[in-house]
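Undergrad: Could you work out the structure for the sequence below:
(chains A and B)
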Protein chains: 2
Amino acid sequence: MIAPYCIQALTAELFADYGDVIEVHERNQILSINDGNTERHHHLAHLDPGPEGQIIVSIFRGKPRTLPFTMTMMERHPKASQAFIPLSNQPYLIAVCAADQPLKAENIQVFLAQGHQGINYNTGVWHHPLMALNQTCDFLVLDREGPGPNCDVVTLDVPLTIPAFTY
Amino acid sequence: MIAPYCIQALTAELFADYGDVIEVHERNQILSINDGNTERHHHLAHLDPGPEGQIIVSIFRGKPRTLPFTMTMMERHPKASQAFIPLSNQPYLIAVCAADQPLKAENIQVFLAQGHQGINYNTGVWHHPLMALNQTCDFLVLDREGPGPNCDVVTLDVPLTIPAFTY
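TA: Coordinates of the predicted model:
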């Protein structure tokens, strides 16, 4: 088993090859609306419903993973993007491999996201299923409904272990 | 000034004429996914991007309203739905009038939503802009980007006051 090279704190810059970080941030286009009552952080992700698809909204309720946690598989949605926005204000883990890279250990990046950070996987980006931490957590999910299969699952040649660490 | 007849606790049944309530609930279609790690509460709202539109994701950061609060206007989005999902786990207020009813005091309903309840306004439903409570609160917003105007604003003939109450 090989540990990921490092677990990085999630930032929009580091995640740019994989998708968007959905968060209140000064980099956003910020509009003052509702007579100054509200700041609109506008259009924070590239939602892609794919061919003949539509974006739907769901809630995922995920049990927490226990560290160390060994990843044995990853999945991708070849037709559309998929966004996760935490509703329980807890950190969570993300493991990704870019759509255009071979799914091998050295191409897998692991990020620690904070409870105020949502993410949107670009179409086709390999990722591990939801990895909540600390407690059962809810996430708003924006993904595709439409015709045809939209989930590829691959067993990793070499399992990858995320070690126990303080977060 | 006329007070609303009552402030009702938000439920999917009471809100059915105006849109969807987005929450973990036994009424949802619930799928077990990720090898039993995750419950998917599937497809919780009728997102409508409207003609030539797309659904986009934004965050609204709203200042809290102080009660009693007098509503002097309402707005509607004639081309598309608009969803608000609380990210700060605080209650908030909703005031609505169905799309097919005259915008008059007796047709306006006021709801208290809890911090785990999102809502989706059906296309054309009259509503008051964001009414956060207690503190500055963030909401994930799903609405339309597309050509043409998509916000009608009307001043109420008779202002409506939401009285101070315990929530």
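Undergrad: Mind pulling up the pLDDT for the residue lying closest to residue A:144 once chain neighbours are set aside?
TA: Among residues not flanking residue A:144 along the chain, residue A:80 sits closest, at 3.5 Å (CB to CB, 6 or more residues apart in numbering or on different chains). Every C-beta, even on glycine, is put in place using the N, C-alpha and C of the backbone. Residue-level confidence at residue A:80 comes out at 98, pLDDT.
Undergrad: swap in residue A:167?
TA: pLDDT recorded at residue A:167 is 88.
Undergrad: tell me the contacts of it?
TA: Shown in contact with residue A:167 (CB atoms under 8 Å, 6 or more residues apart in numbering or on different chains): A:91, A:112, A:133.
Undergrad: Can you tell me which of the residues you listed end up in strands?
TA: residue A:112 (DSSP state E).
Undergrad: Mind checking which of the contacts of residue A:167 are buried?
TA: A:91, A:112, A:133 (16 or more other CB atoms under 10 Å in any protein chain shown).
Undergrad: and the second one, how far is that from residue A:86?
TA: When distances are taken as CB to CB, to the nearest Å, residue A:112 and residue A:86 turn out to be 12 Å apart.
Undergrad: what sits in contact with each of these two?
TA: When contacts are counted by CB under 8 Å, 6+ apart, residue A:112 and residue A:86 have residue A:92 as shared neighbours.
Undergrad: ok, back up a step: among the contacts of residue A:167, which ones lie close to chain B?
TA: Among the contacts of residue A:167, not one lies near chain B by CB under 8 Å from any CB of the partner chain.
Undergrad: Next, name the residue at the spatial heart of chain A.
TA: residue A:119 (4.6 Å; CA atoms, centre = their mean).
Undergrad: picking that back up, out of the buried ones among the contacts of residue A:167, which comes closest to chain B?
TA: Set against chain B, the nearest of the buried ones among the contacts of residue A:167 by CB to the nearest CB is residue A:133 (12.6 Å).
Undergrad: Let me see the confidence value for the residue of chain A positioned farthest from its centre.
TA: No residue in chain A sits farther from the centre than residue A:35, which is 34.0 Å out by CA atoms, centre = their mean. At residue A:35, the predicted lDDT confidence score is 95.
Undergrad: How about it: what's its closest non-neighbour residue?
TA: The spatial neighbour of residue A:35 that comes closest, neighbours along the chain excluded (CB to CB, 6+ apart), is residue B:129 at 7.9 Å.
Undergrad: Next, count neighbours for that neighbour.
TA: Number of residues near residue B:129 (other CB atoms under 10 Å in any protein chain shown) recorded here: 18.
Undergrad: Alpha carbons of the longest strand that chain A contains, as CSV, please.
TA: Counting by DSSP E, the longest strand found in chain A is strand A:152-162. Provided in CSV are the C-alpha atoms of strand A:152-162 (Å, rounded to 0.1, in the frame of the first residue of the first chain):
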residue,chain,number,x,y,z
ASP,A,152,-17.5,4.2,-14.6
VAL,A,153,-15.9,2.4,-11.6
VAL,A,154,-12.3,1.1,-11.6
THR,A,155,-10.5,-0.9,-9.0
LEU,A,156,-7.1,0.6,-8.2
ASP,A,157,-4.1,-1.6,-9.2
VAL,A,158,-2.5,-0.6,-5.9
PRO,A,159,-4.7,0.5,-3.0
LEU,A,160,-3.9,3.9,-1.6
THR,A,161,-4.1,4.6,2.1
ILE,A,162,-4.9,8.0,3.6
